[in-house]
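Engineer: what's the 3D shape of this:
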Amino acid sequence: MTVLAAWASHPGQSRGRLHAEEDGAARGPRDAFQRDRDRIIHSISFRRLRHKTQVFVAPDGDHFRVRLTHSLEVAQIARTVARTLGLNEDLTEALALAHDIGHPPFGHAGEDALQAALAGQGGFDHNGNTLRALMVIDSPYPRWPGLNLSWETLEGLAKHNGPIAAPAWALAEADAAFPLELDHWPSLEAQVAAIADDIAYDNHDIDDGLRAGLLTLDQLLEVPIIAEGWAAANQRFPDVAPDRLVGELVRGQIGMMVNDLIAETRARIAAAGVADAEDVRAAGRCLVGFSQAMQEAERALKRFMYANLYHHPRQLAAADSAAMVVSGLFDAYRADPAAMPGSWAERLPAEEPARSRHIADFIAGMTDRYAIARYRETVGPIDLPDAF
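Structural biologist: Next up, the predicted model:
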């Protein structure tokens with residue numbers, strides 16, 4: 001059993017849940033954060049991640065990552081860091097598993113389309129939608145809406161990237177219902193989950209980009225951190241074919257980033273003099289992060305990936321088609337709400353902005369393939385790129 005550091009989040013000191021639960025409702029010997037993690041894993045929102053875009057829209061290859069597999073990879077990295085630093089591994093895992101639940105179909109292309117559709121009704125933000133999905137929409141319990149997660153889990157999901165000065169409507173509503181101290185930094189567990197997300201996609205997107213043929217090894221070797229990792233892999237395995245060394249490159253880079261992160265975070269915690277989890281929130285700065293050298297190297301890698309993978313012409317063409325599906329569905333349901341399934345049509349609010357937000361709630365929960373099927377059923381035929 002891991003001994004928690006003084007500045008870790010302790011489940012016995014949780015600020016509780018929005019809706020009080022009877023002691024007898026607990027099923028099995030689990031603490032508050034373990035129950036949060038399990039509720040997330042058993043939720044419909046989490047299951048849908050298996051058919052939501054990570055990088056490649058509706059990928060036709062079995063080996064490409066989707067939101068679900070990405071979230072599992074983030075959780076693995078985050079758990080390792082949390083365990084090493086003496087943080088609460090269960091809370092960290094819960095945050096890592098749930099961090100992408102608010103993404104609509106087709107990733108950022110779908111988000112941009114919903115943002116445009118709701119421009120007059122407060123817009124759309126996937127982070128706020130994560131809170132909305134878990135506190136309002138996904139409601140498997142008979143006595144309250146949402147999953148009724150602990151304050152610490154909701155806080156970590158709301159501001160895992162740091163304090164929020166001007167929350168959009170969905171996050172503002174969540175904060176009004178259960179104040180989350182949005183102007184403070186979150187727990188160390190939330191900070192770990194956030195940077196584990198970066199480590200996962202920084203490196204695994206290299207693997208997927210090469211697999212898809214959108215990146216070449218020669219291109220990648222222009223990035224200093226990759227060139228360094230590739231040289232190390234070749235030194236260790238000089239007689240192995242290049243295609244067999246890609247996995248070693250990715251594993252080596254993840255290990256290098258994790259080791260740097262742990263060392264730098266330990267130094268920051270010591271320098272800040274925090275004594276408990278509340279000191280972390282009041283520290284006024286991020287305590288989990290890379291060293292300056294690693295931060296610069298990681299930013300260079302991100303710039304390369306945006307220029308050469310995320311903004312690749314094939315990716316942009318797929319994103320245009322994806323946005324057309326999402327915006328087309330929104331317009332169709334606005335014109336004819338009865339086209340939505342019965343329960344969604346029956347609960348449609350009469351007034352704006354609630355009416356449009358309700359339609360966006362339905363679309364945001366869709367998987368890629370469900371959205372395409374509903375578009376063809378509701379709007380009409382659509383010519384999609386081969387990736388679909």
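
Engineer: The strand or helix carrying residue 33 packs against which elements?
Structural biologist: Using DSSP states H and E, the element containing residue 33 is helix 32-41. Packing partners of helix 32-41 (3 or more Cβ pairs under 8 Å, 6 or more residues apart in numbering; DSSP states H and E): helix 89-98, helix 151-158. Just so you know, the C-beta spots here come from the backbone N, C-alpha and C atoms, and that holds for glycine as well.

Engineer: Do me a favour and average the pLDDT over it.
Structural biologist: The pLDDT scores in helix 32-41 average 97.

Engineer: Now tell me what touches it from outside.
Structural biologist: 9, 11, 14, 17, 26, 30, 46, 88, 90-91, 93-94, 97-98, 101, 134, 147-150, 152-153 (Cβ atoms under 8 Å, 6 or more residues apart in numbering).

Engineer: Mind listing what's buried along that helix?
Structural biologist: 32-37, 39-40 (16 or more other Cβ atoms under 10 Å).

Engineer: ok so, going back, quick check: which of the helices and strands packed on helix 32-41 is buried the most?
Structural biologist: Of all these, helix 89-98 has the most neighbours on average by mean count of other Cβ atoms under 10 Å, namely a mean of 29.

Engineer: can you list the residues that contact whatever helix or strand comes next after that one?
Structural biologist: Toward the C-terminal end, the helix or strand that comes next after helix 89-98 (DSSP H and E) is helix 107-117. Here helix 107-117 makes contact (Cβ under 8 Å, 6+ apart) with 52-55, 57, 67, 103-104, 106, 123-126, 318-320, 322-324, 326-327, 330-331, 356, 360, 363-364, 371.

Engineer: Just the ones of these in helices?
Structural biologist: 67, 126, 318-320, 322-324, 326-327, 330-331, 356, 360, 363-364, 371 (DSSP state H).

Engineer: Quick one: the helices and strands packed on helix 32-41 as CSV, columns for distance to residue 241 and mean pLDDT too.
Structural biologist: Below are these laid out as CSV (distance: least, Cβ to Cβ, whole Å; pLDDT from 0 to 100):
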stretch, distance to residue 241, mean pLDDT
helix 89-98, 34, 98
helix 151-158, 43, 98
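
Engineer: Of all these, which one comes closest to residue 186?
Structural biologist: Each of the helices and strands packed on helix 32-41 was scored for nearness to residue 186 using Cβ to Cβ, and the closest is helix 151-158 (5.0 Å).

Engineer: other SSEs contacting the helix or strand following the closest one?
Structural biologist: Moving toward the C-terminus from helix 151-158, the next helix or strand (DSSP H and E) is helix 169-177. Contacts defined by 3+ Cβ pairs under 8 Å, 6+ apart place helix 169-177 against helix 126-132, helix 151-158.

Engineer: let's see 10 Å
Structural biologist: helix 126-132, helix 151-158, helix 354-364 (3 or more Cβ pairs under 10 Å, 6 or more residues apart in numbering; DSSP states H and E).

Engineer: could those helices go into a markdown table alongside distance to residue 4?
Structural biologist: Formatted as a markdown table, the helices and strands packed on helix 169-177 follow (distance: least, Cβ to Cβ, whole Å):
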| stretch | distance to residue 4 |
| --- | --- |
| helix 126-132 | 26 |
| helix 151-158 | 13 |
| helix 354-364 | 36 |
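
Engineer: hmm, back to that, from the rest of the structure, what touches the helix or strand just after the helix holding residue 33?
Structural biologist: Following helix 32-41 in sequence order, the next helix or strand is helix 44-48 (DSSP H and E). By Cβ atoms under 10 Å, 6 or more residues apart in numbering, the residues outside helix 44-48 that reach it are 39-41, 67-68, 71, 97-98, 100-103, 105, 130, 133-134, 137-140, 147, 365-368, 370.

Engineer: Report the contact partners of residue 185.
Structural biologist: Residue 185 sits next to 159, 162-163, 191, 280-288 when contact means Cβ under 10 Å, 6+ apart.

Engineer: Next up, the contacts around residue 324.
Structural biologist: Residues in contact with residue 324 (Cβ under 10 Å, 6+ apart) are 109, 113, 375, 379, 382-384.

Engineer: Narrow those to those that are buried.
Structural biologist: When the contacts of residue 324 are checked for burial by 16+ other Cβ under 10 Å, the buried set is 109, 113, 375, 384.

Engineer: count of neighbours near residue 285?
Structural biologist: Residues contacting residue 285 under the criterion other Cβ atoms under 10 Å number 9.

Engineer: ok, it to residue 144 distance?
Structural biologist: Residue 285 is 36 Å from residue 144, where distance means Cβ to Cβ, to the nearest Å.

Engineer: Residue 311 now?
Structural biologist: On the measure of Cβ to Cβ, residue 311 and residue 144 end up 43 Å apart.

Engineer: Over to residue 115?
Structural biologist: For residue 115 relative to residue 144 (Cβ to Cβ), the value is 30 Å.

Engineer: Quick one: closest of the helices and strands packed on helix 169-177 to residue 82.
Structural biologist: helix 151-158 (11.9 Å).

Engineer: Give me the packing partners of the closest one, helices and strands only.
Structural biologist: helix 32-41, helix 89-98, helix 126-132, helix 169-177, helix 188-212.

Engineer: Quick one, which of those helices gets closest to residue 352.
Structural biologist: Short answer: helix 169-177, nearest of these by Cβ to Cβ, at 12.3 Å.
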